[in-house]
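**Q** Have a look at this fold, sequence not included:
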């Protein structure tokens, strides 16, 4: 089961461990916080309130399960980080070094609405009437939450909604973040290697993907030992799967699991990654159960070429839209629009999809440190889908690959 | 591995299969749609726009992966269901029998913003200037989406935001929904039985939970065969785990996975469930690695008693708050407030947490067909957490249990 290839990966994992801790340093949290404080100073804000759980994690490293119970981070202009949480999260928040103070309410909905408790606590701290920044004017959740806006419970404060503050910071990844994303890709690679090994005719989607994910996760944990902390509410360990993209169903770019049984002749579109200190990566491959026929080979070859067009067009100073435009010119040249379904890629890091996008409508300038998926695809109804996705980081001159799984057809035949 | 107990569960699985399909019937979709149409008529609405993916699934059965690309369901007053999707979801949406028509835009952000495409399509259909209901005034996503409000792109329409329309319908579960939740509980029970079997000193959290989940899912799929469709973007199969609630860390009600190694003396708080046609259930148990000492026995006993207080107080016609009040009186009587962390329970079904809540602040009247978790807990810093969660359905006179895993201490010792 542990092939030479996999051993090489494990060895690289151990080697890296000597050089780095799999976490974000206190210094980097300070840099992030200072960047926000600078923006707050510009706008003369006394405090900023973050409801977005990804922003809270980015600024504090506090990972929690978002529910109907509102939670927010209050960042004061002097850099104090206060978490406002329900009673059940108090001790959990207190464990987080980057959280300086924990305020709490008993429960939601409770006898007094949590938003009114928050208003009272802010007022006690002298923040009830000042200039308050916020990433949203109150809490939102689909899990049964209802409540007033922040501006309603604090009528004497001026609430300035700045939704993008942290999202903009997150667009450029630091060396620490890139190292975590690289570590994620390593274990995604292992999960994918096992997925390919277990992809045989007669086996079901769930069996293959759950077995590959279980074994890759166990290897990952045993290799990294105590240095590994998933630090993520939703994800832990490594995973690989098909998400329903098996046989003709692979022609649906966002299919969902159908528990298909693999058959000779099936086209497979895979996906793999791992959660490392909250960061992920994206690896997707088009594979075949048995030798593909000439029609499938042709679409595979075109897909590989169009992905290479994208790779060649990513460099700092260009616009994201220019990458998509170059890819679209390939669809024009080869008369492939019938098989086009989506743009070329998206940023990623703490979330699976982040802005900016390699899309004809996104004129964001590409900068070193941005991390993107590159995944133009061809989808042929009745035949299958053809998509590789690689994660790349933008350098001073072009790109470095973060994923490194084989891209060639002869390495992607299963069964 | 397959004990007599597990075989019994499998047998019941097959027996149930003869009587029912594991899906929501066309008739039930019609009932749901008619209930929304009635509300629309009352408010003289020409159409209603649903952005919430759970509401879309409830009204159409269309399960998809929500991303930065906006998607909505347009329900016209004559009952036509139109899905507005990005190009990549067209064929996927067209496969859904309850979706009558699919509108699409090329991509997000695209050359023309999807919201403007939607405004144009609504106007072509004569809905650009009428009374439009909506569950939100536009799309929201943390994955890099930005865009105008519905009321901004349709300045001549009157947009009426009614956020709760479908959420209120979802509070009372039909017989079909209850059957799916019961089926979910059955496979959650199997996953939990395996979790308990594999919980031995020296094993890690991830190993135990991933192995139990993999095997339970395989059993579930083999038993249910083609009748099983997870129909959920996020979940598939059965799962059981600890979510970090191992040893002293179990005193954190919402811990996250820490990949703990089980040790003799550990208190464990578990969780198990399964996704069946999009519906879930909730089973949680307090277990012990080896024989617990008298202090742990005492907290276990109190936890079991307070859960029984909750069971006895749930009946139609009462308020949700009265159940929590009865539980709170138990904390008073036994001087347990030091160990209180959260309210008594929450509704569930398509989402893991739904309104209403067994909370002192929720005066919703309990009605037959509501499905709740019942899970008051005691959390003792340094020692551990003590919580069972059972899923119950409200009947004409009280409750029926949906989960049925043993609750007694002597059945919950591992190792």
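**A** Cool, got the structure. Note that this is a predicted model, so its numbers are computed, not measured.
**Q** switch to C-alpha atoms for all contacts and neighbour counts from now on
**A** OK.
**Q** what bits of chain A have low per-residue confidence?
**A** Along chain A, segments meeting pLDDT under 70 span A:1-20, A:230, A:232-235.
**Q** So which residues of the stretch 201-350 of chain A form strands?
**A** Ranges of strands in the stretch 201-350 of chain A, per DSSP state E, counting those that start in this stretch, are A:237-241, A:267-269, A:271-275, A:286-289, A:345-347.
**Q** how about the residues of the stretch 301-415 of chain A near chain B?
**A** Taking Cα under 8 Å from any Cα of the partner chain as the contact definition, the stretch 301-415 of chain A meets chain B at A:341-343, A:351-356, A:359-362.
**Q** quick revisit: mean neighbour count added to the strands of the stretch 201-350 of chain A, as CSV?
**A** Formatted as CSV, these follow (neighbours: other Cα atoms under 10 Å in any protein chain shown):
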stretch, mean neighbour count
strand A:237-241, 29
strand A:267-269, 29
strand A:271-275, 29
strand A:286-289, 26
strand A:345-347, 24
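**Q** out of those, nearest to residue A:72?
**A** Judged by Cα to Cα, the one of the strands of the stretch 201-350 of chain A that comes nearest to residue A:72 is strand A:271-275, at 23.5 Å.
**Q** between that closest one and strand A:237-241, what angle do the directions make?
**A** With axes from the mean of the first three to the mean of the last three Cα atoms, to 10 degrees applied, the angle from strand A:271-275 to strand A:237-241 works out at 170 degrees.
**Q** What is strand A:271-275 packed up against?
**A** helix A:175-198, strand A:237-241 (3 or more Cα pairs under 8 Å, 6 or more residues apart in numbering or on different chains; DSSP states H and E).
**Q** Summarise which helices and strands the shortest one is packed against.
**A** Okay, so that is strand A:237-241. Partner elements for strand A:237-241 (3+ Cα pairs under 8 Å, 6+ apart): helix A:175-198, helix A:205-224, strand A:271-275.
**Q** picking that back up, need the winner for burial among the helices and strands packed on strand A:271-275.
**A** Mean neighbour counts were compared across the helices and strands packed on strand A:271-275 using mean count of other Cα atoms under 10 Å in any protein chain shown; the top stretch is strand A:237-241, at a mean of 29.
**Q** Tell me which strands it pairs with, and in which orientation.
**A** Under the criterion DSSP bridges, strand A:237-241 sits next to strand A:271-275 (antiparallel) in its sheet.
**Q** How about residues contacting the partner strand?
**A** Residues from elsewhere that reach strand A:271-275 (Cα atoms under 8 Å, 6 or more residues apart in numbering or on different chains): A:184-185, A:187-189, A:191-192, A:230, A:232, A:235-243, A:280-285.
**Q** That strand to helix A:205-224, inter-axis angle?
**A** Using the same axes, to 10 degrees: strand A:271-275 against helix A:205-224 is 40 degrees.
**Q** quick check, stretch A:198-216 touching chain B?
**A** Yes: judged by Cα under 8 Å from any Cα, stretch A:198-216 and chain B are in contact via A:206, A:207, A:210, A:211, A:214.
**Q** burial count for the nearest residue to the fourth one once chain neighbours are set aside?
**A** Think residue A:211. Nearest residue to residue A:211, sequence neighbours excluded (Cα to Cα, 6 or more residues apart in numbering or on different chains): residue B:214, at 7.1 Å. Neighbours of residue B:214 under the rule other Cα atoms under 10 Å in any protein chain shown: 24.
**Q** got it, and residue A:149?
**A** By the criterion of other Cα under 10 Å, residue A:149 has 14 neighbours.
**Q** With chain B as the reference, measure out to it.
**A** According to Cα to the nearest Cα, to the nearest Å, residue A:149 stands 15 Å off from chain B.
**Q** show me the contacts for the residue in the stretch 201-350 of chain A that chain B sits nearest to.
**A** Chain B sits closest to residue A:341 of the stretch 201-350 of chain A, with a gap of 4.6 Å, by Cα to the nearest Cα. For residue A:341, the contact set (Cα under 8 Å, 6+ apart) comprises A:253, A:377, A:378, A:379, B:87, B:88, B:106.
**Q** Surely the last one touches residue A:342?
**A** What it means is residue B:106. Yes: Residue B:106 is within contact range of residue A:342, at 7.4 Å (criterion: Cα atoms under 8 Å).
**Q** if I've got this straight, residue A:355 is in a helix?
**A** No: counting by DSSP: H, G, I helix; E, B strand; the rest coil, residue A:355 is not found in a helix; it is strand.
**Q** count of neighbours near residue A:296?
**A** Residue A:296 has 19 nearby residues by other Cα under 10 Å.
**Q** That one: what's it in contact with?
**A** By Cα under 8 Å, 6+ apart, residue A:296 lies in contact with residue A:383.
**Q** separation between it and residue A:253?
**A** Distance of residue A:296 to residue A:253, given as Cα to Cα, to the nearest Å: 17 Å.
**Q** Next: residue A:158.
**A** 44 Å.
**Q** Compare neighbour counts for those two and give me the winner.
**A** With neighbours defined as other Cα under 10 Å, residue A:158 and residue A:253 compare such that residue A:253 has more, 25 against 16.
**Q** nearest spatial neighbour of that one, skipping sequence neighbours?
**A** Leaving aside its chain neighbours, residue A:253 sits nearest to residue B:88 (6.1 Å; criterion: Cα to Cα, 6+ apart).
**Q** Would you agree the one you found is in contact with residue A:342?
**A** Yes: at 5.9 Å, residue B:88 counts as touching residue A:342 under the criterion of Cα under 8 Å.
**Q** Just give the number of residues close to residue A:124.
**A** 10.
**Q** typo on my end, residue A:203
**A** 15.
**Q** For it, give me its contacts.
**A** Contact analysis of residue A:203 by Cα under 8 Å, 6+ apart lists A:261, A:262.
**Q** And residue A:85, its phi and psi?
**A** When read as degrees, to the nearest 10, the backbone of residue A:85 gives phi -140, psi 160.
**Q** and it, how far is that from residue B:102?
**A** Here residue A:85 is placed at a distance of 42 Å from residue B:102 (Cα to Cα).
**Q** Of the two, give the one with the bigger neighbour count.
**A** residue A:85 (23 against 19).
**Q** Quick check: neighbours shared by residue B:106 and residue A:342?
**A** Shared between the contact lists of residue B:106 and residue A:342 (criterion: Cα under 8 Å, 6+ apart) are residues residue B:87.
**Q** quick revisit: and what about the residue nearest to residue A:253, helix, strand or coil?
**A** Counting by three-state DSSP, the backbone at residue B:88 sits in helix.
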